[in-house]
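> Task: produce atomic coordinates for the following.
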Amino acid sequence: MGPAPLPTGRPFAPMPLRLRGAGAAAAVAYLLVVLGLPMLSLLLAALVPAIGVRLSAATFTLANFAAALAPGAQTGAAFGRSLVLAGVAALVLAAAAGAIALAQSHRSVRLAGAAADLPYALPGACIGVAAILIVLRAYAEVMATLGVGGYRDEALGLGGEIDHGPDHCTCFQFDYDWRQDNVTNAHRYGVRDADVKLDIVAHSMGGIVARYAMLYGGADLPADGSLPPLTFEGARFMARLIQIGTPNGDSPDAFRVLVDGRDFGTPIVPSYSPAILGTFPSLYQLLPRARSRPVVLTGSNEVALDLHDPEVWQRMGWGIAKPGIDAGLATLMPDVAAAEERRRLAADLQARLLRRARAFAAAMERGVTQPAGTEPMAVARDALPMTMRMAADPETGRIEPLQRAAGDGLVLRDSALLDFRQGQEPRGLGVITPMDVQRVLFLPREHLEITRDPTFRNNILFCLLDEPRRR
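Numbering: from 1, shown residues only. Below is the predicted model of the structure:
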């Protein structure tokens, strides 16, 4: 539907410098909204310290301001660029509005009625800036679901957001640095000095951390690449383990960002180069397994690459072995003067992380039978086509999507179930997995949207509160 025609009537003389009353108020309100709303949204975005942290009064601290807007910080640089672009957009819009007003000066348009047109004008001015403020609420939705079920969260109580009164807490959040080694994070997982079993609700990589803790407890991966002792140390405090969109097998997206980096929208939103992401051990531990033939050479479906082989990454120029990232390596290693030495150290780090990722994959693929009292459940999606296999140019190392399979946009259905049939053709019926999964729930939602589905809430609360314990 197009805009309504402007009303006609007697001509009037434009008075851009003599606005009074309702006309002045409308003009001031217009400028405040066009300039203030983008700036406010950017401020709020800068104050969110981590993905999944609900914005509240507790995040409005000087420390968060300093960390987000410090000179040299990517968030601060992006924030400054965003403000400049928002200001330029507002000035351009104001100039265009002035030109239109002068062109229509022969019509009887009273400034007092201009406020009624704001709902039509503002979306075009603010829609691009509003897109910057994207809050990933997957974890907040889990907490909301548990709150509906009557769980009392410790973190919300300690933060003063909820007063539980004399009641004790029945829900505990486990915060971990997702960039770090999953084994290291698993060592922090669990109950200390208490004889109690907990139900675990874990989203995405959190499900991997919980499952390693269940199988191996505090055991590390042996340096020789062998399997750690299977102790089920963590199972003693786990009753039900609910994994939501967990890449038990792998995530093709992790491989892609290790190779090419992640660009969230330069120059407005920070981007992360392969040099930065190539130092995150957890991403290597999400690499696709060789048996699924995740990457083949361009023009030949017969030649598959082993993504855990350091020589492949050096030969293809992937990740921190990529040509042209010397500036990024210099930022990571400011005390190393020679570029050649920086590349050598980067290659050594990449090789160590790839070897450890291979050992981690082997440990997670060990066939097990769940001990009595611990019941795993998987929540996933199996209806959204996503990349399963990629083609790599042997000359340039460039990767392109080649074949798709069902998943949730980030995690393949086969990965969520750790199905050994992933990438295999032909494949028979039934799931072939080393995980002793008790039940699976499939929902038609994307990776970060699964926890918002009403079916998720209903089934999770039934599983936690009403369903009889089988063991």
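
> going forward, measure contacts and count neighbours with C-alpha atoms only.
Fine.

> What distance do you get for Tyr216 to Gly278?
Applying CA to CA, to the nearest Å, one obtains 26 Å for the distance of Tyr216 from Gly278.

> what's the answer for Leu297, then?
Separation of Leu297 from Gly278 (CA to CA) stands at 22 Å.

> between the two, which one's more packed in?
In terms of neighbours (other CA atoms under 10 Å), Gly278 is the more surrounded of Leu297 and Gly278; the figures are 25 against 18.

> Enumerate every residue touching the more buried one.
When the contact criterion is CA atoms under 8 Å, 6 or more residues apart in numbering, the partners of Gly278 are 258, 319-320, 350.

> Count the residues that sit near Arg404.
Neighbour number of Arg404 under other CA under 10 Å is 15.

> Name the nearest residue to it, sequence neighbours excluded.
Using CA to CA, 6 or more residues apart in numbering and skipping residues adjacent in sequence, the residue nearest Arg404 is Thr387, 4.4 Å away.

> average pLDDT for the strand or helix carrying the one you found?
If you go by DSSP states H and E, Thr387 is part of strand 384-392. Over the span of strand 384-392, the pLDDT mean works out to 93.

> Show me what that strand is packed against.
For strand 384-392, the helices and strands in contact under the criterion 3 or more CA pairs under 8 Å, 6 or more residues apart in numbering; DSSP states H and E are helix 252-260, strand 295-297, strand 399-407.

> Looking at those, spot the one closest to Tyr176.
Proximity to Tyr176, assessed across those by CA to CA, is greatest for helix 252-260 (18.4 Å).

> neighbouring contacts of whichever helix or strand comes after that closest one?
Proceeding N to C from helix 252-260, the next assigned helix or strand is strand 262-263, under DSSP H and E. Residues from elsewhere that reach strand 262-263 (CA under 8 Å, 6+ apart): 270-274.

> Okay, now the unreliable bits of the protein?
Low-confidence regions of the chain, defined by pLDDT under 70, span residues 1-28, 30-83, 85-87, 89-90, 93-138, 159-162, 164, 264-270, 471.

> Strands along that one, start to end?
Secondary structure of the chain by DSSP state E: the strands cover 198-203, 238-244, 262-263, 271-272, 295-297, 375-380, 384-392, 399-407, 439-442.

> most packed of these?
strand 238-244 (a mean of 24; mean count of other CA atoms under 10 Å).

> what's it in contact with?
Residues from elsewhere that reach strand 238-244 (CA under 8 Å, 6+ apart): 197-204, 206-207, 210, 214, 373-380, 450-451, 464.

> Also stretch 396-403?
Residues from elsewhere that reach stretch 396-403, judged by CA under 8 Å, 6+ apart: 316-318, 387-393.

> Who's the closest spatial neighbour of Ala275, skipping the chain neighbours?
Distances taken as CA to CA, 6+ apart put Ile320 closest to Ala275, at 4.9 Å, once the chain neighbours are dropped.

> And that neighbour, how far from Gly278?
Ile320 sits 6 Å away from Gly278 when distances are taken as CA to CA.

> Can you work out which residues contact both of the two?
Among the neighbours of Ile320, those also in contact with Gly278 (CA under 8 Å, 6+ apart) are Gln350.

> Quick check: buried residues in stretch 461-471?
Using 16 or more other CA atoms under 10 Å as the test for burial, stretch 461-471 gives 461, 463-464.

> swap in stretch 295-314?
Buried positions in stretch 295-314, judged by neighbour count with 16+ other CA under 10 Å: 295-298, 304-308, 310, 313-314.

> Quote the end-to-end distance of that stretch.
15 Å.

> For stretch 416-433, which outside residues touch it?
By CA under 8 Å, 6+ apart, the list of residues contacting stretch 416-433 from outside reads 245-249, 291-294, 365, 367, 378-380, 388-389, 414-415, 434-435.

> picking up where we left off before, can you redo the helices and strands packed on strand 384-392 as JSON lines with distance to Gly149?
Compiled in JSON lines, these are given as follows (distance: least, CA to CA, whole Å):
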{"stretch": "helix 252-260", "distance to Gly149": "34"}
{"stretch": "strand 295-297", "distance to Gly149": "44"}
{"stretch": "strand 399-407", "distance to Gly149": "29"}
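
> Please name whichever of these is nearest to Asp326.
Checking the helices and strands packed on strand 384-392 against Asp326 by CA to CA gives helix 252-260 as the closest, at 14.7 Å.

> Next, the angle from that closest one to strand 399-407.
Following axes from the mean of the first three to the mean of the last three CA atoms, to 10 degrees, one obtains 170 degrees for the angle between helix 252-260 and strand 399-407.

> and helix 252-260, what other elements does it pack with?
Contact here means 3+ CA pairs under 8 Å, 6+ apart; on that basis helix 252-260 packs against helix 274-277, helix 281-284, strand 384-392.

> Gln180: which of these is closest?
Among those, the nearest to Gln180 by CA to CA is helix 281-284 (5.5 Å).

> for the closest one, packing partners?
If contacts are counted by 3+ CA pairs under 8 Å, 6+ apart, helix 281-284 sits against helix 252-260, helix 339-364.

> Next, the angle strand 384-392 makes with the shortest one.
So that's helix 252-260. Interaxial angle, helix 252-260 versus strand 384-392 (the same axes, to 10 degrees): 40 degrees.

> What of the longest one?
Counting by the same axes, to 10 degrees, helix 339-364 lies at 130 degrees to strand 384-392.

> Start the count at 50 instead of 1 going forward.
Sounds good: first residue 50 from here, last item helix 388-413.

> Buried ones in helix 388-413, by neighbour count?
When burial is assessed from 16+ other CA under 10 Å, helix 388-413 yields the following buried residues: 391-392, 394-396, 398-400, 402-410, 412-413.

> picking up where we left off before, surely the residue nearest to Ala324 touches Leu398?
No - here Ile369 does not reach Leu398: they are 9.1 Å apart, not a contact under CA atoms under 8 Å.

> Make TSV out of the buried residues of stretch 510-520 and add distance to Leu336.
Rendered in TSV, the data for the buried residues of stretch 510-520 read as follows (distance: CA to CA, whole Å):
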residue	distance to Leu336
Leu510	32
Cys512	31
Leu513	32
